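J.: Return atomic coordinates for the entry below.
(one chain, ligands or ions: 2)
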Amino acid sequence: MIAAPTLVVHNIGALVTCDPTHGEPGIVSDAMLVASGSEIIYAGRGRGAGFSSPSADVVDIDAKGAAVIPGFVDAHTHIAWLGDRSAEYAARAAGATYEEIARDGGGIRRTVQSTAAGTVEEVSAAVAARARRMLEHGTTTVEVKSGYGLELGAEMRQLDAALAVAVGDDMPDVVTTYLPLHSLPEGDREEFLAEVCGPGVREAAARARFCDVFCEEGAFTVEECRRVLVAAQRAGLAAKVHAEQRTNSGGARLAAALGAVSADHLEHADADDLRALADAGVTGVLLPGAALVLGGPPPPGRRLLAAGATVAVATDCNPGTCFSESMPLMVSLAVATAGLTPAQALVAATSGGAAALRLADRGMLRAGLRCDAVILQTNQWIDVAYHLGANLAATVIRAGRVVATGGGVPSR
Ligand code: NIG
Ligand code: FE
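T.: Ligands and ions are numbered 1, 2, ... in the order given. Next up, the predicted model:
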């Protein structure tokens, strides 16, 4: 027996499924989307034949010919922070480099100072404000990293703060990542690493799904990152790596060798690195906002696809290198700077993000998956990429429920 519908979106001009069985990005025209509870029970052509006519308990939405896309999956963010680094942004515009600012005590360390002392409630309020803005832009799942705690208790408070937001109904789904190797410790490095590899990963395993490391000159070495990720994997956390962001430091090869879920940034990755990621089934996460703000080479979107890798696009939302909650802007930047087509960029921002978080239940509009979708203010899905900096989300649906309505002026 077919489940009773609880949500019907009809009169969809273009249903962009991001399901490869329909092509790329998998468009079905004159379509409808039907959910029962949190799950899609129908996504395809038609007007509602086969479904009971809308009753009082069914939410019935007329899309009026607009395009509908899957909710964005933002697979890389650092939104658990307090404090302000706008002065650094101005200093960089005046010529200072990210590394110089970090050496002078600014950068990630400055955010550690302002965040580590924060209570769970304070950090959670900051996460909630940013997550809500993400939802309003169409993001229905967001990954949140720790990394501004440094000391174990503060790191756990950041994860708890993100988890507290996860229970909110008017928020995106939150997936947490323990990022212990981000800022350099002030005390003994060996003691710090031993604590991360022992109680750190054990306590994080109860709060997070992934463990991430910043493998970079001036941050942590390949061997330090390997040690922590091996301990994390033993504790049940899957691995992620900030790799080849500022220099070619070996993070991508490490991600491939450990069977990490993703390698992120990759601006300085070479052809062998990208092939190794593809061969090992590691998703490459492009962060075109951070690459643009910092300068330097663009993310290797086209090269990753040519190597055969799965590609994701994410915001990297953080106070230092990219203060943006907007996945649509990242889709535009992935096209303008990383060599993706609009269709590839949209797929990377939805099903690619789901792959980067190993979430098999979302990222596409297909029966049996979660009903996370965005009704756009336009009948052209390509406007998500083409219309830079606009928020074209009219109605955001998360787990089969309407959670945000943009109600802006239609763009066409
Ligand atoms: O992904 N690369 C390291 N971490 C962040 C920046 C964090 C910060 O500057 O606060 C990034 O770019
Ligand atoms: Fe990052």
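J.: Which residues are in contact with whichever residue of the chain sits closest to ligand 1?
T.: Closest to ligand 1 within the chain is Gly320: 2.1 Å, counting by Cβ to the nearest ligand atom. (C-beta placed from N, C-alpha, C; glycine too.) For Gly320, the contacting residues are Arg85, Glu88, Tyr98, Gly107, Ile108, Thr111, by Cβ atoms under 8 Å, 6 or more residues apart in numbering.
J.: Among the residues you listed, give me the pair with the biggest separation.
T.: Tyr98 and Thr111 (13.1 Å; Cβ to Cβ).
J.: Of those two, which one has the most company?
T.: A direct count of neighbours by other Cβ atoms under 10 Å for Tyr98 and Thr111 places Thr111 higher, at 25 against 22.
J.: and that one, what is it in contact with?
T.: Trp81, Leu82, Gly83, Arg85, Tyr148, Pro319, Gly320.
J.: swap in Val175?
T.: Taking Cβ under 8 Å, 6+ apart, one finds Thr141, Val142, Glu143, Val144, Arg209, Phe210, Leu357, Leu359 in contact with Val175.
J.: Could you pull out the helices in the stretch 1-150 of the chain for me?
T.: Along the stretch 1-150 of the chain, counting by DSSP state H, counting those that start in this stretch, helices occupy 86-93, 98-103, 108-116, 120-136.
J.: Now do the buried residues in the helix or strand containing Val384.
T.: Take DSSP states H and E as the rule and Val384 turns out to sit in helix 383-386. For helix 383-386, the neighbour count (16 or more other Cβ atoms under 10 Å) marks Asp383, Val384, Ala385 as buried.
J.: Toward the C-terminus from it, list the very next helix or strand.
T.: strand 393-398.
J.: Show me what the helix or strand just after that next one is packed up against.
T.: Per DSSP H and E, the first helix or strand lying C-terminal to strand 393-398 is strand 401-405. On a contact count with 3 or more Cβ pairs under 8 Å, 6 or more residues apart in numbering; DSSP states H and E, strand 401-405 meets strand 59-62, helix 120-136, strand 393-398.
J.: In strand 401-405, which residues are buried?
T.: Arg401, Val403, Ala404.
J.: Then stretch 104-118?
T.: Gly106, Gly107, Ile108, Arg109, Arg110, Thr111, Val112, Thr115, Ala116, Gly118.
J.: contacting residues for the closest residue to the last one other than its chain neighbours?
T.: By that I understand Gly118. What sits nearest to Gly118 in space, not counting adjacent residues and going by Cβ to Cβ, 6 or more residues apart in numbering, is Leu82, at 4.8 Å. Leu82 makes contact with Thr111, Ser114, Thr115, Gly118, Glu122, Val123, Ala126, according to Cβ under 8 Å, 6+ apart.
J.: Domain-wise, how is this protein divided?
T.: Here the domain parsing of the chain from automatic domain parsing is 7-71+362-405, 73-356.
J.: would you turn those domains into JSON lines with mean pLDDT?
T.: JSON lines is the format used below for the domains of the chain (pLDDT from 0 to 100):
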{"stretch": "domain 7-71+362-405", "mean pLDDT": "94"}
{"stretch": "domain 73-356", "mean pLDDT": "97"}
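J.: from these, which stretch is densest packed?
T.: Of all the domains of the chain, domain 73-356 has the most neighbours on average by mean count of other Cβ atoms under 10 Å, namely a mean of 22.
J.: so how far is that one from its chain's centroid?
T.: 9 Å (Cα atoms, centre = their mean, to the nearest Å).
J.: how long is it end to end?
T.: 9 Å (Cα to Cα, to the nearest Å).
J.: Tell me the residues of the chain that contact ligand 1?
T.: 78, 107-108, 111, 214, 242, 245, 290, 316, 318-321 (Cβ under 6 Å from any ligand atom).
J.: repeat that for 8 Å
T.: Within the chain, the residues that sit near ligand 1 (Cβ under 8 Å from any ligand atom) are 76, 78, 81, 85, 98, 107-108, 111, 147-148, 182, 214, 216, 219, 242, 245-246, 264-265, 287, 290, 294, 316, 318-322.
J.: for Asp173, which residues make a bridge with it?
T.: Beta-bridge pairing for Asp173 (DSSP bridges): Thr141.
J.: Could you list which residues are in contact with it?
T.: Asp173 touches Thr140, Thr141, Val142, Ala166, Asp372, Arg398, Ala399, counting by Cβ under 8 Å, 6+ apart.
J.: so who does the first one touch?
T.: Shown in contact with Thr140 (Cβ under 8 Å, 6+ apart): 71-73, 172-173, 362, 372-374, 396-399, 403.
J.: go with 10 Å
T.: For Thr140, the contacting residues are 70-74, 134, 171-173, 327, 350, 362-363, 370-374, 396-399, 403-404, by Cβ atoms under 10 Å, 6 or more residues apart in numbering.
J.: Next: the last one.
T.: Under the criterion of Cβ under 10 Å, 6+ apart, the neighbours of Ala399 are Ala35, Gly37, Ser38, Glu39, Gly71, Thr140, Asp169, Asp173, Arg362, Arg370, Cys371, Asp372.
J.: And for the third one?
T.: Counting by Cβ under 10 Å, 6+ apart, Val142 touches 72-77, 79, 127, 130-131, 134-135, 162, 165-166, 171-175, 314-315, 317, 325, 327, 353, 357.
J.: Repeat that for the fourth one.
T.: For Ala166, the contacting residues are Val127, Ala131, Val142, Val144, Pro172, Asp173, Val174, Val175, Thr176, taking Cβ under 10 Å, 6+ apart as the criterion.
J.: again, 7 Å this time
T.: Asp173, Val174 (Cβ atoms under 7 Å, 6 or more residues apart in numbering).
J.: cool, Asp62 as well?
T.: His10, Asn11.
J.: now do 6 Å
T.: Asn11 (Cβ atoms under 6 Å, 6 or more residues apart in numbering).
J.: likewise Glu143?
T.: Ala75, Thr77, Val175, Thr177, Leu357.
J.: circling back: with distance to Ala390 as added columns, please give the helices of the stretch 1-150 of the chain in CSV.
T.: As requested, these are exported to CSV (distance: least, Cβ to Cβ, whole Å):
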stretch, distance to Ala390
helix 86-93, 23
helix 98-103, 29
helix 108-116, 29
helix 120-136, 13
